[in-house]
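>>> The amino acid sequence is not available; the structure is as follows:
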């Protein structure tokens, strides 16, 4: 059986405010552009990303805040691989966003977690090895 080349094309997320969520992601990923947008069923939406991957963001009708709860089913966080997690974290902190979980420095990766204004958590991981077996290792 042939192995398929798989990557995440998009994630669909409902947010309280498209502008603040767009600011969060464009701070983290300056290359992300609005690929399209409009109104659907009375709600504003945009696709924010690059040529290969994007976030489908829909604005809610009634504001609420997500509480990450690993004890219940549902969305906990989305992870992004980045080249320089410290520079990305500095940009988010300078823009007023806060860490959602302490930075984790491990043997083969550095992970940092931030929440957007809606309380959605995102993990940013920088791998310190090109070796896939080391990247998938969970040694501290």
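Ah, there it is. Source: prediction; values computed, not measured. Numbering: from 1, shown residues only.
>>> where do the strands sit along this protein?
10-15, 33-40, 43-49, 54-59, 77-81, 99-105, 109-115, 121-127 (DSSP state E).
>>> could the ones you listed go into CSV alongside mean neighbour count?
Placement of C-beta: from N, CA and C, glycine included. Below are those laid out as CSV (neighbours: other C-beta atoms under 10 Å):
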stretch, mean neighbour count
strand 10-15, 16
strand 33-40, 12
strand 43-49, 18
strand 54-59, 20
strand 77-81, 14
strand 99-105, 13
strand 109-115, 20
strand 121-127, 19
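>>> how about JSON lines for those, with distance to residue 90 and mean pLDDT added?
Listed next are these as JSON lines, based on distance: least, C-beta to C-beta, whole Å; pLDDT from 0 to 100:
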{"stretch": "strand 10-15", "distance to residue 90": "24", "mean pLDDT": "90"}
{"stretch": "strand 33-40", "distance to residue 90": "22", "mean pLDDT": "93"}
{"stretch": "strand 43-49", "distance to residue 90": "21", "mean pLDDT": "93"}
{"stretch": "strand 54-59", "distance to residue 90": "22", "mean pLDDT": "92"}
{"stretch": "strand 77-81", "distance to residue 90": "16", "mean pLDDT": "90"}
{"stretch": "strand 99-105", "distance to residue 90": "12", "mean pLDDT": "92"}
{"stretch": "strand 109-115", "distance to residue 90": "10", "mean pLDDT": "95"}
{"stretch": "strand 121-127", "distance to residue 90": "12", "mean pLDDT": "93"}
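>>> could you redo those strands as CSV and give each row distance to residue 137?
Formatted as CSV, those follow (distance: least, C-beta to C-beta, whole Å):
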stretch, distance to residue 137
strand 10-15, 26
strand 33-40, 35
strand 43-49, 30
strand 54-59, 29
strand 77-81, 16
strand 99-105, 14
strand 109-115, 9
strand 121-127, 11
